[in-house]
Every structure is written in structure tokens, then in C-alpha cells.
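1. what follows is a predicted structure for the sequence shown.
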Amino acid sequence: MNLHQSARTPASGAASDAEGGLILRDVEISLDGRSLLALDRRVLPGETLTVMGPSGSGKSTLFAFVAGFLDPAFTARGKVLLGGRDVSGLTPQERRIGLLFQDALLFPHMSVGENLLFALPAALKGRRARGEAAERMLAEVGLAGMFLRDPATLSGGQAARVALARTLLAEPQALLLDEPFSRLDQELRETTRDLVFARIAERKIPAILVTHDPADAAAAGGDVVVIGAAGRGDEHARQPGAERAETPLRARALR
Amino acid sequence: MSADVSSRSSRAAVAFAVPLFLALPVGVGLIGVVLPAFGYLPALGGDAFSLKPFRHLFAQPGLAASALLSHASGLVTTAISTLGVALFLAAFHGTAVERIARRALAPLLAVPHAAAAFGLAFLIAPSGLIFRLLAAPFDLDRPPDLLIIGDPFGLAMMAGLIAKEMPFLLLVAFAALPQADPRRRMQLAASLGYGRMAGFLHTVWPGVYRQIRLPVLAVAAYASGVVDVALILGPSLPAPLAVRLVSWMNDPDLSLRFMASAGALLQLAITGLVLLLWFVGERLVGRIRRSVGAGGWRLSGDGALRAASCIPVALSGGAIFFGLFWLLLWSVAGFWAFPAILPPSVSLQTWGRALESAGGPLATTFLVAILSASAALVLVVVLLEARRRQFRASAARAVRLSSVMAGLIYLPLIVPQIAFIFGLQVTILALGLTPSLLLLSAVHLVFVAPYVALALADPWFAVDPRYDQVAASLGHGSLKTLFRIRLPILTHAVLTALAIGFATSVGQYLPTVLIGAGRLPTITTEAVALASGGNRRVIGAYALLQTLLPFLAFTLSGTLPRLLSGRRLAMKRR
């Protein structure tokens, strides 16, 4: 795998204005001729777009489309642009979009450290350098010294952090979060949430969060798009910051 | 996206190519039987189509009795085995008895048909364990003059088949049970006032049976065309049809092959009729169950029936265990006269001689088994992965092999072996191929692959598809994901499937005899060949050696994953 150095460098604020961030351009996904959802959005580096809606509203379809797992049964129009790159035609492994699911999904046959090394780009060479990179990342998510642990012995909160660390180590250019906090209890949910959004902001990664939970949306701090039954009106959105008014918004859902 | 669509259609092509490839030998073999059956086999001077082979066949003495034996064996074996499994599960699902049975019966998967049949023979023969135990109370000083082994009705043969097939079906049913949601359904039935057995049979069993139906049909096909067990326990005048077919096929008089081919078609018809009657029986039983259910008969006091329901499974499991133990005793026995229950003297002389002569066959058996099982594993993994990727991830847990694919894969188990192996043999002769390890492994593959697929399909599709998505989002390609994520997660299931394939190959008698043409003896063909000689000590040693290879395979498949991933807790629970 090649390391896209550009992935890390444009993270200096305004530099990304022209083409930076994650752009969903005129995206429309339909099934058997019925339009499920349409979206035209730009997510700036370090910001999180929250997509809300009840189950069956097409959240997971949008998720699959951006990540590159959309079933051919669906027809998708529009483009996904990432840091100026059109990734719509790329395979999931070429897109460099990190995923966080409800479950940590740590590979059960590997130790915590092996899970992280599996994510680390191959361009970083040398056993020792790779091990140190993984250890640094563990420390960053507050799990220093857990390298040799068996994932099965971790608490839910620890597993969620390892999953975050694993995703970040692959140096993603965007993140997709599929209700990553819903399995955690109230207190853990808040600290984990803070950790995730802090990393996103710090690393200037554009992110899309799919959730049921309004508290998640509030913590994410970015725009909120509601799709599906709850937002039955053609357009339905809440825009906390007026400065983002220039990002065009068209979210509608037909079910 | 168009690249994605085309790769999906190529996956669909692969997902169909593998089953087609596995079913192809059945088609080729059947053609190779149909032509000579109607007199056409230029290599042996048959240039014109005629009905002479059939006239010749129907003129054989005792043909009707042979056909009837085969037919009865198929139906009786399958019915009793299935009934025993249903009663046992109904009486004991979720109890300690079931847990004991799970542990105790699992090793029986390793016992080949021939070894199980020999074990039973040693128990029930007039000079066997049972009559030795009866000797004192009934004052017997010599074995009673009874025709037990090889009785004309084939009862001993059917008993031998049942003893092997009932534990097999029970183990398959254990694997299928969780998907029938037994706990909640039984609780619901109990809350409605149903007794344990009635509740299980009404609410859980139909779901279990639907899943084990293919193995049940395979048992029916196997029992109606069985050769090895019939040679050991079955009647000889007349013998079941399949046994007579083999002797005609191996007759030095090559012209008998025309009649043998006609007989193979008759065998196909007999097995077809067994399956047809089984389908009718299924409907009948289903109708009875529905009408009993509609009657609301709770059968809440089923204590006595429950206790009795362990008898069939206990008998068949016990027969194999005691049989194996008896084989062991005979293999080390010195002089051992009738009423003595244990051999008065013990020696390793038999083993010394047996190991000397069994070395070659053991090596052949091992090589063919490891080759065919590994090839089957590769094919099945290609098939399952292609099939899985035909679907989107959200559907992955619902992915199954389509019924056409499953039907093609299991076809070699549903069509009686003898009906198409004849044709394969003829085809191989016509192509000028000589028997070789590779050729034999290729033919074994046809019978090994279905069991490997049966063992691996459910675990394969049960792995959370998001693991693959995570690996892809980390930038890893699909091959790397397969080898680094999916296969390691499935270590245990993969090794179990490999062991099942290995054991299946070791137990193959008919394909080995016919395709090996006597030049590639395996431990199984050697053991069955001893049946007519009656030297119990040597039989004991060979039958145990035959069990040893699969047993080692299962032991390794059970312990290797623990060694490979012993540190990971979640892997132990898999």
C-alpha cells in the first residue's frame, strides 16, 4: 500500500478550502427506480456531519455507498470526493476511509498490538518502528501498555478505544462512524465520544456519523441531516453555525 | 461500478463452476453406465444398441431378492436412524444426557463404516461377546448354531448401518439445533402445557429436520447401495444388489460388464424408489404431526417414554464402542476358546505381522486422504467465498448456498456410488488412464468435497462480514483479508472440515476398489477383504488401524487450534 503523504499535510486549516474535506456531490441512491435518499454536502476537515434517521431510513445505505460496499442492486448517482480525489469508482481498500462500527470488531485471533500492526501502512518499515508507532497510538487513546492483551479480555470501553486506534493508524482521509457509541453505557459513552471527536478535530479528518442518539449529534458539533420517516419533509436539517450556510444542503428521503 | 458488476457476475460464475465441477463425474459416470447397459461399448465389442444386457440381468437367479434387500436396507436404515435421533432429542435436548451424548458420540465420526460393521459382527456373532455372556446362565459350552451374521433378511447388515448412521445423524442434528431456536420454542410449548417430547417434536424438530434433510437422504442412498458393510454383515445367497454388481464388474469375463451396467441402472432405480418413498413418508409424517397438533394432545406425562427414548442411541453408540473394544481384545488375544469372556493370554504377535503388511496400504490411505481433503478444502473455500461476495454485507448472515448449488454438490452422495463409479471406471479405461494415487484422490474428492462443504458452509457465512469491511477500510485486499482475517478466525471450523474430509476418504471402499483396480490397496479395502477369511485377530488389528487414521485427524483438528491461538479467549469459544 502506498502512503499518501498528502493525507496528513493539508490538515493546516484553510489550506483545504478549495478541494479539501469530504464532498458528497449530487448523491442520489435509489432502489428499483425509487429514490431512497439524495444528498449534496461538503464535510470540512475536522468536522463531523451527523446523519440521523430511524432504522430502515437508508442510513446504512449511505454508509455503504461512501465506504464502497454498496450492493449493485442499488443505483447510485453522484460522486464522493475526498481531498480532491474522486473515490466513487475505487474499491473500499483504495478509498482510505476508516470505519467504526457499533461493535469494536477487534480481530479475535490477534492480540491488541497485532490488531494495530495489521492497520499500520506497510510503508512504515522495521519491526521496531512499527511496534513503537502502535504503542504511541495506544498511549494516545489512553491504553498504554496494552499491546499484548487479548481483545477478549478488554472492557467495552477499552475495546472501543482500540478500534479507534486501529482505524486512525491506517491514516484514513475520512471517517465513517456507524453508531459507534450505542453499545457503551452512559458514562463510557461520553468519554469515548469526547475522545473520538477530539481525535477527529485534531487530525483534521472529515467524518460522517450515523446515529439515533441526539446526544451523539450534539457532541459531534457539526451539521445534522435527518433522513427517513422522521424527516418526511423533502428537506430537513438543522444548521448550528451560520458560517456553514454556504455549504449547500439538500437532504430528502423517500420511502 | 461496472467493474464491480462484472466482478460480481464472475463470482456468480465461480459459485456455479465449483458445484458443476463436483457433479460432473456423476454425469460422466452415468453416461458411462447407460451406454454399456444398452449394449454399446466398442472397446469390449459392443457396437450396437440392444436390450440383451437387461435380459441377461433379469435371468440371474435371486435378482428380485437382491433388489428387495437393497431397497429394504435403504428404507429401514434411514427410518430407524432418523426416528432414533428425533426421539432422543425430544426426550433429552438441553439435559445432562444430551451433553454426555455430544461428548461420547463425537469420536464416532472417526469410525469408518467397515470398522463399525466388524465391531458389531464381533459382538453379535454366535461366538461373540453377547453369547459368551449368556454362556454361563444358559449353560452353553459351544457357540449356538445360529445364522446371525449374514442372515438372509439382512437384519445384521441393517443393524450395522444403523449403528453407524444414527450417531452420525445425531451429530449433524446437534449442529443444526441452535438455528431452530429450541430454548424459546420449548419454553413456549411448556407454557402451553405440552410435555417435553410433544413440545419438541411439534415446535423444534421440523426446523431441525429441514436442515439435516440432505444428510438423511445421503444415508438412504448409501444404505440402499452399500457394499462394504454388506460384505461384512450382509447375506450372501443372494447378496444385496450392489455386492453382486461389484463381483460382476470385477469378473475376468469382461462381457459381464454389460450386465453389470444394466444392474447399475437397476440400482439407480432402486435408490430412486427409496428416495421417492421417503418423500411420501415425509409428507405422511408431516400430516400426522399436524393433525395430532391440531388435536391439542399435550402428552404431559411422558416420563416412561422419555426414558425409553435413549435406548436406540445408547444401543448404536454402545455397539460401536464395545465393538471397537472387542476388536482390540481380539487383536491381542492368544488362544481364546468360546465361553471365556476375556482372552486367557495376550500377545502382540498379530500386531507385529499386521503392521508389517499394513504399511503400504496405510501410506496409500494417508496420501489419498490428505490430497483429496486438501483439494476439497481449496475448492470449497473458493466456492463459499465467491458465493458470499455475491451478496451485500448486510445480507451476509442470511447467505446460503442456493438449492441448485447444494443439490449439485450433494449429488454424488444422493446418487448411489455404484451407479456412476462403474461408468467412471469405463471412462477411465476408455481414456487409457492407469490407476494412480492422483487419479484415486481425484475420485475420492467427489465424495469428500460434499462433506467438507457441509461442515464449513455455516461457520463460513456466520463470520461477521464487518470484519472484512474493517480490513478493506484499512487498505487490505481481499486475498490478504481471506488469509489474515477470515481463515484464522475460522481455524477451528477449517481444521474440523479437513478432518471430516480426511475421515471420509479413509472410509471409501467402493471407489477405491473399482478405480484402484486392485493396484492401490488401502487399509479399508484390505480390511474388508479380510471379512471372508474369518481370522479375527487380523481383522481386529486392521479394523483398528482403519479407525486410527481418522481418529488422529480429529484429535489434531481439535488440539491444533488451541495450540495455534491458545492465548485468545474469544477463539476458544468458537
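-> Happy to help now that I have it.
2. which residue is the nearest non-sequential neighbour of the residue in the stretch 401-550 of chain B positioned nearest to chain A?
-> Of all residues in the stretch 401-550 of chain B, residue B:472 sits closest to chain A, at 3.9 Å by C-beta to the nearest C-beta. From N, CA and C alone the C-beta is placed, and that goes for glycine too. The shortest distance from residue B:472 to any non-neighbouring residue, by C-beta to C-beta, 6 or more residues apart in numbering or on different chains, is to residue A:92 (3.9 Å).
3. contacting residues for residue B:525?
-> Contact partners of residue B:525, counting by C-beta atoms under 8 Å, 6 or more residues apart in numbering or on different chains, are B:361, B:509, B:512, B:513, B:516.
4. the stretch of helix or strand it belongs to: what's the following helix or strand?
-> Counting by DSSP states H and E, the element that carries residue B:525 is helix B:523-529. Next helix or strand after helix B:523-529 toward the C-terminus (DSSP H and E): helix B:536-564.
5. check which helices and strands that next one sits against.
-> helix B:113-124, helix B:311-332, helix B:349-388, helix B:491-507, helix B:523-529 (3 or more C-beta pairs under 8 Å, 6 or more residues apart in numbering or on different chains; DSSP states H and E).
6. return the most buried member of these.
-> Neighbour counts (mean count of other C-beta atoms under 10 Å in any protein chain shown) averaged over each of these peak at helix B:113-124, with a mean of 28.
7. elements contacting it?
-> Against helix B:113-124 (3+ C-beta pairs under 8 Å, 6+ apart) you get helix B:129-138, helix B:155-176, helix B:228-233, helix B:311-332, helix B:523-529, helix B:536-564.
8. residues touching the third one, excluding its own?
-> For helix B:228-233, the surrounding residues in contact (C-beta under 8 Å, 6+ apart) are B:73, B:113-114, B:116-118, B:120-121, B:149-150, B:154, B:156-157, B:159-161, B:164, B:239-240, B:242-243, B:509-510, B:524, B:528, B:531-532.
9. include mean pLDDT and distance to residue B:14 when you put the helices and strands packed on helix B:536-564 into JSON lines, please.
-> Listed next are the helices and strands packed on helix B:536-564 as JSON lines, based on pLDDT from 0 to 100; distance: least, C-beta to C-beta, whole Å:
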{"stretch": "helix B:113-124", "mean pLDDT": "92", "distance to residue B:14": "34"}
{"stretch": "helix B:311-332", "mean pLDDT": "91", "distance to residue B:14": "40"}
{"stretch": "helix B:349-388", "mean pLDDT": "92", "distance to residue B:14": "4"}
{"stretch": "helix B:491-507", "mean pLDDT": "92", "distance to residue B:14": "19"}
{"stretch": "helix B:523-529", "mean pLDDT": "91", "distance to residue B:14": "33"}
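10. in the helix or strand of chain B with the lowest mean pLDDT, what's buried?
-> Across the helices and strands of chain B, mean pLDDT, DSSP states H and E gives its lowest value to helix B:569-572, namely a mean of 68. Neighbour counts using 16 or more other C-beta atoms under 10 Å in any protein chain shown place B:570, B:571 of helix B:569-572 among the buried residues.
11. for it, the distance to its chain's centre please.
-> Helix B:569-572 sits 30 Å away from the centroid of its parent chain (C-alpha atoms, centre = their mean, to the nearest Å).
12. hmm, that helix in reach of chain A?
-> Yes - Helix B:569-572 comes into contact with chain A (C-beta under 8 Å from any C-beta of the partner chain), by way of B:569, B:570, B:571.
13. can you pull the contacts of the last one?
-> By C-beta under 8 Å, 6+ apart, the contact set of residue B:571 is A:108, A:109, B:489, B:491, B:492, B:561, B:565.
14. measure the first one to residue A:100 for me?
-> Yep, that's residue A:108 we're talking about. Separation of residue A:108 from residue A:100 (C-beta to C-beta, to the nearest Å) stands at 18 Å.
15. re the thing from before, next, give phi and psi for the residue of the stretch 401-550 of chain B closest to chain A.
-> phi -70, psi -40 (degrees, to the nearest 10).
16. so it touches residue B:482, yeah?
-> No - the criterion here is C-beta atoms under 8 Å, and residue B:472 misses it with residue B:482 at 11.5 Å.
17. so which of the helices and strands packed on helix B:113-124 gets nearest residue A:27?
-> helix B:155-176 (43.3 Å; C-beta to C-beta).
18. how far does that closest one sit from the chain's center?
-> Distance, stretch centre to chain centre, for helix B:155-176: 9 Å (C-alpha atoms, centre = their mean).
19. show residues contacting the strand or helix carrying residue B:100.
-> Following DSSP H and E, one finds residue B:100 within helix B:96-105. Under the criterion C-beta under 8 Å, 6+ apart, residues B:88, B:89, B:91, B:92, B:167, B:170, B:171, B:174, B:310, B:313, B:317, B:321 lie in contact with helix B:96-105.
20. chain center to the helix or strand containing residue A:131, what's the gap?
-> According to DSSP H and E, residue A:131 maps onto helix A:127-140. Distance of helix A:127-140 from the chain centroid (C-alpha atoms, centre = their mean) equals 22 Å.
21. okay, buried residues for whichever strand or helix holds residue A:195 please.
-> For residue A:195, the host element (DSSP H and E) is helix A:186-203. Within helix A:186-203, the residues that count as buried by 16+ other C-beta under 10 Å are A:188, A:189, A:192, A:193, A:195, A:196, A:197, A:199, A:200, A:203.
22. in TSV: the contacts of helix B:96-105, plus distance to residue B:554.
-> Below are these laid out as TSV (distance: C-beta to C-beta, whole Å):
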residue	distance to residue B:554
B:88	22
B:89	23
B:91	27
B:92	24
B:167	14
B:170	16
B:171	12
B:174	15
B:310	25
B:313	20
B:317	16
B:321	16
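23. what's the closest of those to chain A?
-> Closest to chain A, out of all of the contacts of helix B:96-105 and judged by C-beta to the nearest C-beta, is residue B:174, at 23.5 Å.
24. nearest to residue A:226, of the residues of helix B:569-572 next to chain A?
-> residue B:570 (36.9 Å).
25. starting at the chain centroid, how far to the helix holding residue B:525?
-> The answer for helix B:523-529 is 17 Å, by C-alpha atoms, centre = their mean.
26. which residues touch residue B:310?
-> Per C-beta under 8 Å, 6+ apart, neighbours of residue B:310: B:88, B:91, B:92, B:97.
27. can you report how many residues lie near the third one?
-> Applying other C-beta atoms under 10 Å in any protein chain shown, we find 21 other residues in the vicinity of residue B:92.
28. so it is in contact with residue B:311, correct?
-> No - with contact defined as C-beta under 8 Å, residue B:92 does not reach residue B:311; the gap is 11.9 Å.
29. residue B:28 is nearest to which of the helices and strands packed on helix B:536-564?
-> Nearest of those (C-beta to C-beta): helix B:349-388, 17.5 Å.
30. that closest one close to chain A?
-> No - legend: contact between helix B:349-388 and chain A by C-beta under 8 Å from any C-beta is lacking; minimum distance shown is 12.9 Å.
31. following element in sequence after that helix, please.
-> Following helix B:349-388 toward the C-terminus (DSSP H and E): helix B:403-414.
32. just the strands in the stretch 101-250 of chain A please.
-> For the stretch 101-250 of chain A, applying DSSP state E, counting those that start in this stretch gives strands covering A:174-178, A:207-211, A:224-226, A:237-238.
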